[in-house]
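Colleague: Sequence first, predicted coordinates after that:
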Amino acid sequence: MDRLKNKVAIVTGGAHGIGAATVRRFREEGAQVIIADLNRSAGEALSAVTGATYLPVDVSDHAAVGRLVDDTVRQYGGLDIIVSSAAVFHAGPIDEMTPATWNEVMAVNLGAAYHLAHFATPHLRQRPGASIVLISSVQGMIGFKTFAAYAASKGGLIGLMHQLASELAPGVRVNTICPGTIQTYPETPLDPDTERLWADRHLLRRVGLPIEVANAALFLASDEASFITGHNLVVDGGMTVMGD
């Protein structure tokens, strides 16, 4: 229960889905956690339950992310872990996708990870065992129709991870997680037909849960993964092995 004792972590997109599950797991393991999210009601509710600190942040805004990092370091005296989980999702054929949609997806899904790494790196370098975890997707590895922007942003995170792992070694470890289909909002489950359609695309014949990705993030952020960097951890129930 103390795998992250005395660690300070920022989780973007931390008010819901995979981010919220990560906040809960990190708190259970002793970390001080900042929930960075624009969803104030969800962020404050999670803060009340977990004791994490909620800060409303537009993670696509470079200066706002700088203030987030500064506020975290000022309040807790340092920074050990960042988890970039914030994401938006827009689907559609490439010839119908507007520049505004493309730019929004890139700004939140990929740009936010850059902003966070840019401002956090000087602080992470001062802490032993520091770690960056970027939440990518299997869509950054394999092709799906009508998901060009999302897939490009998630593939970009894998490329960014490789570069950061090289640049920040040996002091800061950097890894990505590629989830398969995740029931991101358990409180509003998929209808049975849709869930079965997606479940059948996984060897384990089900969709995943946010906690299953959060457990992987916990492992990569902890000292249990002290010899792992530059790695893309696929948490997809066998989806990419099926190759369908």
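Modeller: On my side now, so go ahead.

Colleague: Could you look up the next helix or strand downstream of the strand of greatest length in the chain?
Modeller: Determined from DSSP state E, the single longest strand within the chain is strand 172-179. Following strand 172-179 in sequence order, the next helix or strand is helix 192-199 (DSSP states H and E).

Colleague: quick check, distance from that following helix to the centre of its chain.
Modeller: How far helix 192-199 lies from its chain's middle: 24 Å, per Cα atoms, centre = their mean, to the nearest Å.

Colleague: Please save the CA atoms from it in CSV.
Modeller: Taking C-alpha atoms only, helix 192-199 is exported to CSV below (Å, rounded to 0.1, in the frame of the first residue of the first chain):
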residue,chain,number,x,y,z
PRO,A,192,-25.1,-5.0,-25.0
ASP,A,193,-24.8,-5.2,-28.8
THR,A,194,-22.1,-2.5,-29.0
GLU,A,195,-20.2,-4.1,-26.1
ARG,A,196,-20.3,-7.5,-27.7
LEU,A,197,-19.1,-6.1,-31.0
TRP,A,198,-16.0,-4.6,-29.4
ALA,A,199,-15.5,-7.5,-27.0
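
Colleague: List the buried residues of it.
Modeller: Buried positions in helix 192-199, judged by neighbour count with 16 or more other Cβ atoms under 10 Å: Trp198, Ala199. Yep, even glycine has a C-beta here, placed from its N, CA and C like the rest.

Colleague: Quick one: classify Ile34 as helix, strand or coil.
Modeller: Secondary structure state of Ile34, per DSSP: H, G, I helix; E, B strand; the rest coil, is strand.

Colleague: State the number of residues packed around the nearest residue to it once chain neighbours are set aside.
Modeller: Spatial nearest neighbour of Ile34, excluding adjacent residues (Cβ to Cβ, 6 or more residues apart in numbering): Ile10 at 4.6 Å. Residues near Ile10, counting by other Cβ atoms under 10 Å, number 28.

Colleague: same deal with Val241?
Modeller: Neighbourhood size, Val241 [other Cβ under 10 Å]: 11.

Colleague: tell me the contacts of it?
Modeller: Leu203 (Cβ atoms under 8 Å, 6 or more residues apart in numbering).

Colleague: picking that back up, how close does the residue nearest to Ile34 get to Trp198?
Modeller: Distance of Ile10 to Trp198, given as Cβ to Cβ, to the nearest Å: 30 Å.

Colleague: Then Leu38?
Modeller: Taking Cβ to Cβ, one finds Leu38 at 27 Å from Trp198.

Colleague: again, but for Gly208
Modeller: From Gly208 to Trp198 the distance is 10 Å (Cβ to Cβ).

Colleague: intersection of neighbour lists for these two?
Modeller: In contact with both Gly208 and Trp198: Thr181, using Cβ under 8 Å, 6+ apart.
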